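Engineer: Show me the folded form of this:
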Amino acid sequence: MKSRACSAWVLPPPPATPRNRTGGVHRWGGKEDAWREALEHFHSQHALLPQFLQGFLDGTDYPSLRMLAHKARGVAANIGLELLADALAEVEQLAEGDKGQHLAGAALLPDALARAAGAHAAALLAIRAERPATGQAPAAPQDTADLPRALRAGRLLGAALARGALDDAALAGLAAALAGHPAAAGVTQVQAALSDFDFDLAQQQLDAVLSAIGEHDAHDDNPMPQETM
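Structural biologist: The predicted model follows:
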């Protein structure tokens, strides 16, 4: 009687999920608070990610499209947003290569961006689900905002906009510093204007944000640093 060789079963990897809590917390040293903070930072920094990606596609700016997809993918993977990370990896791959390859991949990019937008929406819902449930009214927004940091980031962003440029780090810093503050809604309007590449409107919205948090003379010709209030 011939013996049959037993083949080892190789289990397929589990399907990607909008939020891998175990993997995400593990990457942050097992500290759930730090992981949740990273989730919130992603939420504030990349709330309009699909619109930015679409804007780069509409402008056939493939290098910027690829760079943004790469940057957001790395962050998403680091905090356990697997579904979004996989979708952004596809976008990044299709936007890669020389001009000839772009022409081939461009036909596939709209569908890839649609999948990324769906994964992004699922990721934001998953992040919101991680917020602690409470039956009490939210804490005063000013308790969590870092207004000096917001002012510094806002000034840097304003200087970049004046040159017709975008300082991603300053925008992210502004959003993070104003998390929970009423002026955070204005940052969303700044992001929306930038997603439409309307730098003038973005500057106006930024001025309103800075005014709301105490920077009444954001464009003073001779601004003086405010050491004390």
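
Engineer: and stretch 58-69, how far from the chain's centre?
Structural biologist: Its chain's C-alpha centre and that of stretch 58-69 lie 15 Å apart, by CA atoms, centre = their mean, to the nearest Å.

Engineer: Please renumber the chain so that the first residue is 409 from this point on.
Structural biologist: Okay, using 409 as the starting number, the last item reads as stretch 466-477.

Engineer: Can you point out the buried residues in that stretch?
Structural biologist: Within stretch 466-477, the residues that qualify as buried are Y470, S472, L473, R474, L476, A477, counting by 16 or more other CB atoms under 10 Å. (C-beta placed from N, C-alpha, C; glycine too.)

Engineer: Among those, name the ones in helices.
Structural biologist: Of the positions in those, Y470, S472, L473, R474, L476, A477 sit in helices, assigned by DSSP state H.

Engineer: The third one touches Q462, doesn't it?
Structural biologist: No - in this structure L473 lies outside contact range of Q462 using CB atoms under 8 Å: 9.1 Å.

Engineer: which stretches of the chain have low pLDDT?
Structural biologist: 409-422, 506-512, 541-552, 588, 600, 603-605, 623-637 (pLDDT under 70).

Engineer: got a list of contacts for the helix of greatest length in it?
Structural biologist: Ranked by number of residues, the top helix in the chain under DSSP H is helix 517-537. The contact list for helix 517-537 (CB atoms under 8 Å, 6 or more residues apart in numbering) reads 426-427, 447-448, 450-451, 454-455, 457-458, 461-462, 465, 473, 477, 484, 489, 491-492, 494-496, 498-499, 502-503.
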